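Enquirer: generate a structure from the sequence data that follows.
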Amino acid sequence: MTAASKTVSDVIHSHFGTLTRAEKQLAESLLDNYPVSGLGSITTIAENAGVSTPTVVRMVQKLGFKGYPDFQAHLHQEVEATISNPIAKHDRWASNAPGTHILNRFADAIMGNLRQTLSALDTATFDSVASLLSDRKRSLYFVGGRITGALAEYFFTHMQVIRPNTALLSSNSSSWPQYVLNMNPGDLLVIFDIRRYEQEMVSLATAARKRGAEIVVFTDQWGSPAAKLARHTFRIQIEAPSAWDSSVVTLFIVEALIEAVQSSTWDETKERMKTLEGLFEQTRLFRKLS
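Expert: Below is the predicted model of the structure:
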């Protein structure tokens, strides 16, 4: 592997242009049902892809692995990482924790996450998502999981001030079909889904795509299954010295998008803000200090 933060999928994508025709056929087969498609025997993988076992050996070595066992070991590590529960994550960090203060350890981890995420983030993707969010012809829908629901609500709350036609999907997935019913071609569904991924997100994304909606997914470095249905995906480094995954870098990108959208539509946004402040004053929701 060229970098510890890269997944096997990342490595396949980065080397795809250097592969032979048969190797590309194998790579596409592996990516089609990733990572499960790479967990079988070398013979099974070759047969599923319609290539020879020597082709499998040559490709994994070309990708930088010592051999097929090394390639598969990395896949198993990825699978283990995506299903880790908070206790397992805490124990893994605790067993390797240096003697420095938790504030320093946490800061080092978060800064590393930020650097790695930004180095892999395509600015064209960011700009395209900002443009989609700014397009008032599109309705916006936001949804998150048990933990990431707070991020979805934060994003929604700001976008609701900036522009009309925004909706936050309920945490109760049984109500999602009612939101999908209102989706029109070109509308935008923003999904937050990190490891231990929620299967309902795939069902929601599938239904939304059938309605013609565009999908943006915020996920982790391993990638939510829903990302396969997305027009744009933000893959964010989330590991921290904690039983819980970090949302700091995800929030960083969300806030940068909020600023990009409000700046590009500032005249309209400013008028909405003025109107909202007037409503706050009428309802005395916020007390002014004299």
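
Enquirer: show me the helices in the stretch 51-200 of the chain, by range?
Expert: Counting by DSSP state H, counting those that start in this stretch, the stretch 51-200 of the chain has helices at residues 53-62, 68-82, 86-95, 102-120, 123-134, 149-162, 176-181, 199-210.

Enquirer: lowest average pLDDT across those?
Expert: Set side by side, those give their lowest mean pLDDT on helix 86-95, at a mean of 56.

Enquirer: picking up where we left off before, and Lys274, which of the helices of the stretch 51-200 of the chain is closest to it?
Expert: helix 149-162 (11.1 Å; C-beta to C-beta). For the C-beta atoms, the positions are set from N, CA and C on the backbone; glycine is no exception.

Enquirer: buried set for the closest one?
Expert: Going by neighbour count (16 or more other C-beta atoms under 10 Å), the buried part of helix 149-162 is 149, 151-156, 158-160, 162.

Enquirer: of all the helices of the stretch 51-200 of the chain, which lies closest to Arg284?
Expert: Of all these, it is helix 149-162 that lies closest to Arg284, at 18.9 Å by C-beta to C-beta.

Enquirer: which strands and helices sit next to that closest one?
Expert: Counting contacts by 3 or more C-beta pairs under 8 Å, 6 or more residues apart in numbering; DSSP states H and E, helix 149-162 is packed against strand 140-143, strand 166-168, strand 188-192, helix 248-264, helix 266-283.

Enquirer: can you put the helices of the stretch 51-200 of the chain in CSV and add distance to Ser41?
Expert: As requested, the helices of the stretch 51-200 of the chain are arranged in CSV below (distance: least, C-beta to C-beta, whole Å):
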stretch, distance to Ser41
helix 53-62, 9
helix 68-82, 9
helix 86-95, 27
helix 102-120, 32
helix 123-134, 37
helix 149-162, 40
helix 176-181, 39
helix 199-210, 27
